[in-house]
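A.B. asks: Just need the structure, nothing else, for what follows:
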Amino acid sequence: MPPRRYQPRRGPRPQRRRQAGAAVADAPQTPVRPAGPVELPSSVVVKDLADALGVSTADVIKELIRNGIFATINQSIDFDTASLVGGELGIETVERGAVERAAAEAAGPTALVAPGSEEEGAGKPVLFTEDEAADLVTRAPIVTIMGHVDHGKTSLLDAIRSTTVAAGERGGITQHIGASEAEHNGKRIVFLDTPGHEAFTAMRARGAQVTDIAIIVVAADDGVMPQTKEAIDHVRAARVPMIVAINKIDKPDANPDRVKQELADINVLIEEYGGDVISVPVSAKQKLGLDDLMEMILLVADLQDLKANPKRDAVGTIIESKVEKGRGNVATVLVQTGTLRVGDIVAVGSTHGRVRALQNAAGKRVKTAEPATAVEIIGLSDLPEAGDILRVVADEKAARDMAEASAQATGGGDGKAAFTLEDISAQIQASEVKELRVVLKTDVQGSLGAIRHALERLNTTEVRINILREGAGDINESDVLLASASDAVVIGFNTKADPGAQRQIDASGVDVRLYDVIYKLTDDVGAALQGMLAPKLVEQVEGHAEVRMVIKAGRAGNVAGSYVTDGRIVRGGDVRLFRGGSQVAEGRITSLKRFKDDVREVATGFECGIGLSIEDIAEGDVIECFQMVAESA
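C.D. replies: Numbers count the residues shown, from 1 in each chain. Model prediction:
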């Protein structure tokens, strides 16, 4: 018997065993998330960040992409970005060395606790819900600089804060809203450098009143210009104290006296002329008069007695927002009361988030922002809008609920209902209003005086008309914005709204009344002031019908055998007759029949006979039926 040869066992078993062993040996360890805050350096590589947070590199890169940051595994990111990623993953992060500083601050005398409370000795700040007199402290004034283009607004601010902002601006025009701080005699002043009065009023239209003092810059060699007048109108409507800075006094053709006279012509009386408006001659280029201007700002601020409570939850207003590479959603907030801290949960308009980092106007990262301080914050889930109110809340659920409620209430608009002439009529009946604010525009300058005189004659001891702005020309976007922010109505005489104004009207719902007969204008305003304004009638299109046959009806006139294409045709309704897309006649429906029966209306898809007061009817014509109805509230 031949010996059996050794035959190796065939099959996948040894291979499976070898693979299983390898798998056990090479299996990656499940990342262990840290129990407490993770300490990170000021700059960290993405891979090292994932290891420190106890998550996979893919999770970190995914969160970076969600925030608009595209980084590779070996790329370095700053602490702010790393903190943002950690917060999205539910992991608290602190900058290296911050734990010791935070412990020292908590143990120090700055920790604000309520004596006898459960938190006493714990180093946690007490968040007051109401301001108590003992908690109020004097805060810095917030100043907005406005005026005509190229009159030196930013150059003046540049001279005050000794920076080179103006040199970097495109075309010499301010391209964004900025906030900066200056100090005079040991007192802080916060400046808002806006693109113009539109931004100032846009925030007012959203319910935000952030300015304590307005500086109107007028060039001594140019005088009062149209944008100067508009800026003054907006400041007056906001009821904000005004200081006039007469700039460029160093120029050879400077004439400050002419500026003062032109201001008097638009009822801005400076102190020299017996008024109450302070004027200061300055030169931004030569840095003349700047100390005097700062003194006047502090004087007006002292008279206003500006105070805030730094111990309560922070409340502020968004000045601007943007998406910034490497940092995500960045918003500039002006804290108006309370103290904003890193780690606070905030609700801002229709968005919310946790404050991951704060950066002040000097570009330095800070841990807190006290009243009258402008800071950039990161950590919001979405970009807020300028004028949105920021509030610190207890937890993320409360922030989310507030954001959702705000989004539903505003419906994507500015969150403020428009004011109409019907409103004042109803409020006067209820004795709730004493003033009707009006923006008045006419076709020519000569009509203004007559209409203003006619409106002023309607004033009574109970209610008066306040004309915020008057001028000749079409109604523009600035007019509508001013009316929206000031609860005013726009009245136009022999004029119309330009396209930009019409878009603003559609968005804001401002009440715009157009007239071509002066007595009709005064009748409506007079009726409103007496609380007896008739309902505003608006056109309501009921439907359309196509003429398919013209029936001669003898003395009764022509009857249009028609087919209703949409809506309905109503007996007694007004009609327009269209031929080839153009309107050829307008009249009224005298009779409406279905077969031989008189009917009140005919719906879509049915044929009918329409008797019209129009004689010229042809097959193929389109009949548009409409009615004038009272506008619903």
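A.B. asks: rest of the way, CA atoms for contacts and neighbours
C.D. replies: Noted.
A.B. asks: Show me the strands in the stretch 301-450 of the chain, by range?
C.D. replies: Remark: strands assigned in the stretch 301-450 of the chain by DSSP state E, counting those that start in this stretch are 307-308, 315-324, 328-337, 340-341, 345-348, 351-360, 365-366, 368-369, 373-380, 389-393, 435-442.
A.B. asks: Output these as CSV; include the columns mean pLDDT and distance to Lys187.
C.D. replies: Listed next are these as CSV, based on pLDDT from 0 to 100; distance: least, CA to CA, whole Å:
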stretch, mean pLDDT, distance to Lys187
strand 307-308, 90, 14
strand 315-324, 85, 21
strand 328-337, 88, 17
strand 340-341, 92, 21
strand 345-348, 91, 29
strand 351-360, 89, 17
strand 365-366, 89, 20
strand 368-369, 92, 17
strand 373-380, 89, 13
strand 389-393, 89, 26
strand 435-442, 87, 37
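A.B. asks: and of those, who's closest to Ala220?
C.D. replies: strand 435-442 (28.8 Å; CA to CA).
A.B. asks: just checking, what packs against the closest one?
C.D. replies: When contacts are defined as 3 or more CA pairs under 8 Å, 6 or more residues apart in numbering; DSSP states H and E, strand 435-442 packs onto strand 464-472, helix 477-486, strand 489-493.
A.B. asks: who's in contact with the closest residue to Glu456 other than its chain neighbours?
C.D. replies: If the residues on either side of it in the chain are set aside, Glu456 comes closest to Ile465, at 6.7 Å by CA to CA, 6 or more residues apart in numbering. Residues in contact with Ile465 (CA atoms under 8 Å, 6 or more residues apart in numbering) are Glu435, Leu436, Arg437, Val438, Leu455, Glu456, Leu458, Asn459.
A.B. asks: Bridge partners for the first one, pull those for me.
C.D. replies: What that stands for is Glu435. Per DSSP bridges, the residues bridged to Glu435 are Arg464.
A.B. asks: So what's the residue count around it?
C.D. replies: Other residues near Glu435 come to 16 when the count uses other CA atoms under 10 Å.
A.B. asks: Could you check how far it is from Val489?
C.D. replies: 12 Å (CA to CA, to the nearest Å).
A.B. asks: repeat for the fifth one
C.D. replies: Distance check for Leu455 against Val489: by CA to CA, it reads 14 Å.
A.B. asks: Tell me which of the two has more neighbours.
C.D. replies: Per other CA under 10 Å, whichever of Leu455 and Val489 has more neighbours is Val489, with 27 against 19.
A.B. asks: Which pLDDT value goes with the more buried one?
C.D. replies: You'll see Val489 listed with a pLDDT of 89.
A.B. asks: Isn't it up against Asp511?
C.D. replies: Yes - with contact defined as CA atoms under 8 Å, Val489 counts as touching Asp511 (5.3 Å).
A.B. asks: re earlier: dump the strands of the stretch 301-450 of the chain to CSV, plus distance to Asp257.
C.D. replies: Formatted as CSV, those follow (distance: least, CA to CA, whole Å):
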stretch, distance to Asp257
strand 307-308, 37
strand 315-324, 36
strand 328-337, 37
strand 340-341, 46
strand 345-348, 47
strand 351-360, 40
strand 365-366, 46
strand 368-369, 43
strand 373-380, 37
strand 389-393, 42
strand 435-442, 30
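A.B. asks: Of those strands, which is nearest Gly90?
C.D. replies: Across these, Gly90 has its closest neighbour in strand 351-360 (11.1 Å, CA to CA).
A.B. asks: what's the helix or strand for Lys62?
C.D. replies: helix 57-66 (DSSP states H and E).
A.B. asks: Can you give me the buried ones in the next helix or strand after that helix?
C.D. replies: Counting by DSSP H and E, the next helix or strand C-terminal to helix 57-66 is strand 76-78. Buried residues in strand 76-78, counting neighbours by 16 or more other CA atoms under 10 Å, are found at Ser76, Ile77.
A.B. asks: what's the distance between Ile377 and Gly316?
C.D. replies: Separation of Ile377 from Gly316 (CA to CA) stands at 12 Å.
A.B. asks: Around Gln261, count how many other residues there are.
C.D. replies: For Gln261, the neighbour count with other CA under 10 Å is 17.
A.B. asks: Can you report how many residues lie near the closest residue to Lys287 other than its chain neighbours?
C.D. replies: Spatial nearest neighbour of Lys287, chain neighbours left out: Ala159 (6.3 Å); criterion: CA to CA, 6+ apart. For Ala159, the neighbour count with other CA under 10 Å is 19.
A.B. asks: Looks to me like Ala159 is in a helix.
C.D. replies: Yes - when DSSP: H, G, I helix; E, B strand; the rest coil is applied, Ala159 is found to be in a helix.
A.B. asks: Kindly reformat the helices and strands packed on strand 435-442 as JSON lines containing distance to Arg579.
C.D. replies: Output for the helices and strands packed on strand 435-442, formatted as JSON lines (distance: least, CA to CA, whole Å):
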{"stretch": "strand 464-472", "distance to Arg579": "38"}
{"stretch": "helix 477-486", "distance to Arg579": "36"}
{"stretch": "strand 489-493", "distance to Arg579": "32"}
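A.B. asks: Quick one: closest of the ones you listed to Asp382.
C.D. replies: helix 477-486 (25.3 Å).
A.B. asks: tell me the angle that closest one makes with strand 464-472.
C.D. replies: 170 degrees (axes from the mean of the first three to the mean of the last three CA atoms, to 10 degrees).
A.B. asks: elements contacting helix 477-486?
C.D. replies: Helix 477-486 is packed against helix 197-205, helix 226-238, strand 435-442, strand 489-493, helix 499-508, with contacts defined by 3+ CA pairs under 8 Å, 6+ apart.
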